[in-house]
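S.K.: Give me coordinates for this.
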Amino acid sequence: MSSLLRTIKKWENGVWRRGTARLLAVAARGCGFCVRVARAGSQEITILVVPHSEKPSRGIRLPLFGFVGLCALCLSLVVGALFFLFGVHGDEGKLSDSNSTYSVVKSERDQLQDQMTLFMKAYKAFKGALDAETAALGRKGTASLAGAAGFPFAPKALFPSRLTALQEIEEARATLDQARTPIEEYGTAIAEMNDIKPTVPAVWPIKDDAGHISFPFGPEPNPFTGEMYFHTGIDASTYRTGDPIVATADGTVVFAGVDGGYGRCVFIMHAHGYYTRYGHMERILVSSGQKVKQGQIIGLIGMTGVATGPHVHYEVILGSSYVDPLGYLWSDSRLNPIISGGTDHD
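M.R.: Numbers count the residues shown, from 1 in each chain. Sure thing, here's the model as predicted:
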């Protein structure tokens with residue numbers, strides 16, 4: 001064991017001596033290199049400037065290290081200048097992109113302003129129409145909505161340009177909210193009218209609104225005697241026989257036949273206490289007890305009974321009273337024929 005330890009100890013000592021020697025050799029070579037560099041750097045170089053004239057030449061003497069440092073400084077300046085130029089061009093590109101983006105945003109803003117102007121014009125027109133309609137319904141107009149639209153502190157005096165537009169938009173929003181109720185009421189009223197319309201004698205008695213009034217409702221001279229009498233209906237004529245006559249409302253036929261001066265006649269009972277009579281038919285196309293619909297053909301124009309020409313004598317009876325049929329026509333230009341003088345009457 002002691003011999004092994006001595007062997008290991010000798011080996012360690014040998015490694016240490018060899019390592020130390022190598023380190024010293026490397027250090028000596030490094031020191032020698034530094035000395036040589038220092039000697040070389042301390043050497044001077046001369047830069048000779050020779051003018052293209054008779055002036056004497058001039059020389060500049062610089063240490064080698066000074067010359068290398070001067071070259072490095074010049075190179076640094078050139079590299080810095082290049083980086084600066086490339087940076088300026090990059091900034092110009094970014095600025096150009098920013099200007100392009102700004103132009104797009106400005107164009108979109110201008111378009112938005114134009115659309116807002118059109119919207120406010122349409123809103124003001126809508127508001128005027130809504131005020132008129134709500135007044136007809138006994139409601140307050142939208143002019144009273146300014147207070148409900150916010151801005152209780154009179155912002156126009158503080159920020160007139162921006163807040164005025166904001167106030168108008170807010171007022172438009174509040175008006176549209178307030179308009180919901182009357183519009184819903186209109187929709188309900190229209191639905192009710194559509195439900196009621198077929199049950200009221202509200203259409204022209206000749207198909208496709210053809211013809212004209214040849215003799216009106218009310219006091220008129222009797223065409224046969226010349227004496228005044230009360231004409232209980234209107235005479236509608238197309239100047240020819242055979243044109244179709246239609247029921248002016250849904251109902252039930254209570255009479256279809258010949259009735260004295262009415263000639264061939266149809267009498268219909270409707271809802272709400274209404275009755276209608278159609279006289280002087282050339283031909284009857286329905287029978288007693290039959291259900292009919294508004295606009296259904298019930299006969300053809302003729303001149304049976306007491307008549308001076310082809311026409312249909314049309315009456316509307318409410319309860320036990322004769323009423324003017326024209327007062328029940330819906331306000332449709334096709335359902336309001338021109339009243340014209342004529343000779344076709346009872």
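S.K.: remind me which residues of the stretch 101-250 of the chain are low pLDDT?
M.R.: For the stretch 101-250 of the chain, the stretches flagged by pLDDT under 70 are 130, 132-166, 175, 179.
S.K.: Please, where are all the strands along it?
M.R.: Ranges of strands within the stretch 101-250 of the chain are 212-215, 218-221, 228-231, 234-237, 244-246, based on DSSP state E, counting those that start in this stretch.
S.K.: Out of the ones you listed, indicate the one that is most buried.
M.R.: strand 234-237 (a mean of 26; mean count of other CB atoms under 10 Å). The C-beta positions use only the backbone N, C-alpha and C, and glycine is treated the same way.
S.K.: could you dump the strands of the stretch 101-250 of the chain to a markdown table with distance to Val253?
M.R.: A markdown table is the format used below for the strands of the stretch 101-250 of the chain (distance: least, CB to CB, whole Å):
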| stretch | distance to Val253 |
| --- | --- |
| strand 212-215 | 25 |
| strand 218-221 | 27 |
| strand 228-231 | 24 |
| strand 234-237 | 19 |
| strand 244-246 | 13 |
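S.K.: ok so Gly327 is a strand residue?
M.R.: No - judged by DSSP: H, G, I helix; E, B strand; the rest coil, Gly327 forms no part of a strand; its state is helix.
S.K.: ok, now how distant is it from Gly260?
M.R.: Distance, Gly327 to Gly260, by CB to CB, to the nearest Å: 26 Å.
S.K.: re earlier: of all the strands of the stretch 101-250 of the chain, which lies closest to Gln290?
M.R.: strand 244-246 (14.2 Å; CB to CB).
S.K.: so what does the closest one touch, helix or strand wise?
M.R.: In terms of contacts (3 or more CB pairs under 8 Å, 6 or more residues apart in numbering; DSSP states H and E), strand 244-246 is packed against strand 297-301.
S.K.: need the next SSE after the strand it packs on, C-terminal direction.
M.R.: Next helix or strand after strand 297-301 toward the C-terminus (DSSP states H and E): strand 312-318.
S.K.: buried set for whichever helix or strand comes after that next one?
M.R.: Counting by DSSP H and E, the next helix or strand C-terminal to strand 312-318 is strand 321-323. Using 16 or more other CB atoms under 10 Å as the test for burial, strand 321-323 gives Tyr322, Val323.
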